[in-house]
Structures are given as C-alpha cells and as structure tokens.
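Colleague: I need the structure of the sequence given here:
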Amino acid sequence: TTVTVYSQVGGTEKLMGSMNFRVKRVPDPVAQVANLTGGNIRKEDLQLEDGIMAVLPDFDFDLKFTVTQFDVTLTGAGGYANTWKSTNNRFTADQKAQFRNLVAGSIIYIDNIKAKGDDGTDRDLDPISFKIR
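Modeller: Predicted structure coming up:
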C-alpha cells in the first residue's frame, strides 16, 4: 500500500511525500472453548462455558473477531450423529441440554464456524473437537 502525506502550508495543500509499505493479511482466528482449541475437556468445564471465542494467538495488534455461527455435532448411542446450530457465538439451550447428557468418552465436534472481524472481514474457522473425560 502507499501512504501519502499532505500538509496545509499558507492556505495551500502541499505534498510532503509518499512511501510504499508491504502489508500482510490478518491471519484467520482460532476457535476456542474454555481457552482450548480441542482435545480432552471435563464435562463440568464444558457446561460452565457460554459459547465459542475467536482469538488471534500471538498477534501484535488489538483486533477482535466475533463468532457469528457454528454447529455442534454429538455422537449418540449406536453411532448416530445429531447436529445443533447456533446463529451467534453462544451455546443454545438445546446444545447445553445435550451437554448435560454427555458421558466420559463422548466426542463433541464443532464446525461451520464463522467469525466477523473488526476490519469487516468474514472468516471461516477450522473445526475443533473435544473428548469428554
């Protein structure tokens, strides 16, 4: 990108200079639940959480992303999978009700995660999964 600086001198605008800068795209955020990006989680810890966060780990600038939707898929008895959708960053009442029924070894898969940044960009985030311990 090019940054150009003008100055008002004696009522007239004067070009002070221009300089080219290299810029990088802001990286995609990472989805987290209870500050975890996947792996083992205690049922009690999952039940305490209100939803999903989108974070930029080790990023130098104060830029925020907000999750705008996600799906939670749980595998039930017999291997059947059921999916519950959320249209914001919070777990729905139905999702939380399903969390109460989880047992050790249950798998939670969260995908179709979308987030909107302060910069106005919409991003598709990588899915995350947890195993109840």
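
Colleague: need the pLDDT of the nearest residue to residue 132 once chain neighbours are set aside.
Modeller: On the basis of Cβ to Cβ, 6 or more residues apart in numbering, the spatially nearest residue to residue 132 that is not a chain neighbour turns out to be residue 106, at 4.4 Å. Where you see a C-beta, it was placed from the backbone N, CA and C, and this is true even at glycine. If you check residue 106, the pLDDT there is 90.

Colleague: the longest helix along the chain: what's the following helix or strand?
Modeller: For the chain, the helix with the greatest residue count under DSSP state H is helix 93-100. As assigned by DSSP states H and E, the chain's next helix or strand after helix 93-100 is strand 107-117.

Colleague: the nearest residue to residue 112 once chain neighbours are set aside pairs with what?
Modeller: Of all residues not flanking residue 112 in the chain, residue 71 sits nearest, at 4.3 Å (Cβ to Cβ, 6+ apart). Using DSSP bridges, the beta-bridge partners of residue 71 come out as residue 85, residue 111.

Colleague: which of the residues in stretch 78-91 are buried?
Modeller: Buried residues in stretch 78-91, defined by neighbour count with 16 or more other Cβ atoms under 10 Å: 84, 86, 89, 91.

Colleague: widest-spaced pair of those?
Modeller: Farthest pair in these (Cβ to Cβ) is 84 and 89. Separation: 14.6 Å.

Colleague: ok, back up a step: was I right about the residue nearest to residue 132 contacting residue 129?
Modeller: No: assessed by Cβ atoms under 8 Å, residue 106 is found out of contact with residue 129, at 10.9 Å.

Colleague: before we move on, the earlier item: nearest to residue 22 among the buried residues of stretch 78-91?
Modeller: Nearest to residue 22 among these, with distances taken as Cβ to Cβ, is residue 89, at 32.9 Å.

Colleague: would you check that the closest one makes contact with residue 51?
Modeller: Yes: with contact defined as Cβ under 8 Å, residue 89 reaches residue 51; the gap is 4.6 Å.

Colleague: spit out the residues that contact the two alike.
Modeller: Common contact partners of residue 89 and residue 51 (Cβ atoms under 8 Å, 6 or more residues apart in numbering): residue 67.

Colleague: many thanks, have a good one.
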